[in-house]
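>>> Got a predicted structure plus its sequence, pasted below:
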Amino acid sequence: MDQLIADSQQILTDYGLKVLAAIAIFVIGKWAARLLTRFVTRLMKKSNIEATLVTFVSNLSYAALLVFVVLAALNQLGIQTTSFIAVIGAAGLAIGLAMQDSLSNFAAGVMLIIFRPFNTGDFIEAAGTSGTVLVVNIFTTTLKTGDNRLIHVPNGNILSGNITNFSANETRRIDMMFGIGYDDDIKQAKAIIEQALKNDSRVLDEPEPTIGVAELADSSINIAVRPWVKTGDYWPTLFALNETIKEMFDEARISIPYPQTDVHLIKQD
């Protein structure tokens, strides 16, 4: 009887020590997980990473560390954790297959936030859509079009194609083409265009505008005009120059010919 009591006390003591050790592992591990998560969060914030990504990665890191702590505590109690790991792995695989497209968009969102091909407020063209970037989320990027529509573009579609960032540089070149008739004076037309560019204060002196005959077309002589402006002045300057040069051509009686075809009739007896 005394031996049975002694054995029972020994079992309770050993098991109690395991329980205490498991509790200690869980408490200390949970504290360490929080501490490590805070460190990672601060590190990402110092790197100017998008706030949405910081929150998501922090929560994901804490959850992963907490799962590891729980498995370690269960292992200390003598519970076989191999089956738990297998179940978690199978569940992760099933979720990954079910959310394949979403995970692809998530990975693309992380890449966009890290490498920053564009920032909030930039005007871009990507995935067949153009607009101003409002926000880069984990799965989608929100663009506002010129007519005030909101378009949510999957990040995977953006990253898989070309990205044109019209706001990346401080200056942009305006590409314009003006056609004049073959009977008009080329030098006079170029002088008028040059004067129009000088009269517009938004046109930059450096780089110097380019004006030259680009093509002897079927119905017109096409003059290429390439002024440089600040990025924010691109569209207002383009509209204004088109109108101004047309009016100056009209005053100088320089024609902008319509497409035309000369037809020669041969009279036969």
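Yep, that arrived. Numbers count the residues shown, from 1 in each chain.

>>> a helix runs through Ala32, doesn't it?
Yes - counting by DSSP: H, G, I helix; E, B strand; the rest coil, Ala32 falls inside a helix.

>>> Tell me, how many residues neighbour it?
Using other CB atoms under 10 Å, Ala32 is surrounded by 12 other residues. C-beta: built from backbone N, CA, C; applies to glycine.

>>> That one and Leu71, how far apart?
Distance, Ala32 to Leu71, by CB to CB, to the nearest Å: 14 Å.

>>> likewise Gly232?
Distance from Gly232 to Leu71, by CB to CB: 56 Å.

>>> which one of these two has more residues nearby?
Neighbour count, other CB under 10 Å: between Gly232 and Leu71, Leu71 has more, with 17 against 13.

>>> tell me which element the more buried one is part of?
helix 51-76 (DSSP states H and E).

>>> how would you label Tyr234: helix, strand or coil?
Tyr234 - assigned by three-state DSSP - is helix.

>>> In which helix or strand does the residue lying closest to it once chain neighbours are set aside reside?
Nearest residue to Tyr234 in three dimensions, chain neighbours excluded: Arg172, at 5.0 Å (CB to CB, 6 or more residues apart in numbering). Using DSSP H and E, Arg172 sits in strand 171-173.

>>> Going along the chain, name the helices of the stretch 1-150 of the chain.
Taking DSSP state H, counting those that start in this stretch, the helices of the stretch 1-150 of the chain run over residues 2-46, 51-76, 82-98, 100-115.

>>> what's the second one packed up against?
For helix 51-76, the elements it packs on are helix 2-46, helix 82-98, helix 100-115, judged by 3 or more CB pairs under 8 Å, 6 or more residues apart in numbering; DSSP states H and E.

>>> please redo it, this time with the cut-off set to 10 Å
Under the contact definition 3 or more CB pairs under 10 Å, 6 or more residues apart in numbering; DSSP states H and E, helix 51-76 sits against helix 2-46, helix 82-98, helix 100-115, strand 129-136.

>>> for the record, mean pLDDT for that helix?
When pLDDT is averaged along helix 51-76, the result is 76.

>>> Flag every buried residue along that helix.
Buried residues in helix 51-76, defined by neighbour count with 16 or more other CB atoms under 10 Å: 53-54, 56-58, 61-62, 65-66, 69-71, 73-74, 76.

>>> Might you report the residue contacts of Met261?
Slight slip there: residue 261 is Thr, not Met. Asp218, Ser219 (CB atoms under 10 Å, 6 or more residues apart in numbering).

>>> Now do the SS call for it.
Applying three-state DSSP: Thr261 is coil.

>>> measure it to Glu215 for me?
From Thr261 to Glu215 the distance is 17 Å (CB to CB).

>>> One more: Asn242?
On the measure of CB to CB, Asn242 and Glu215 end up 19 Å apart.

>>> More neighbours: which of these two?
The residue with more neighbours, out of Asn242 and Glu215, is Asn242; 15 against 12, by other CB under 10 Å.

>>> Hmm, the more buried one is touching Phe178, no?
Yes - the pair Asn242 / Phe178 is scored as a contact, 8.8 Å apart, by CB atoms under 10 Å.

>>> Could you name every residue contacting both of the two?
With CB under 10 Å, 6+ apart, Asn242 and Phe178 have common neighbours Val225.
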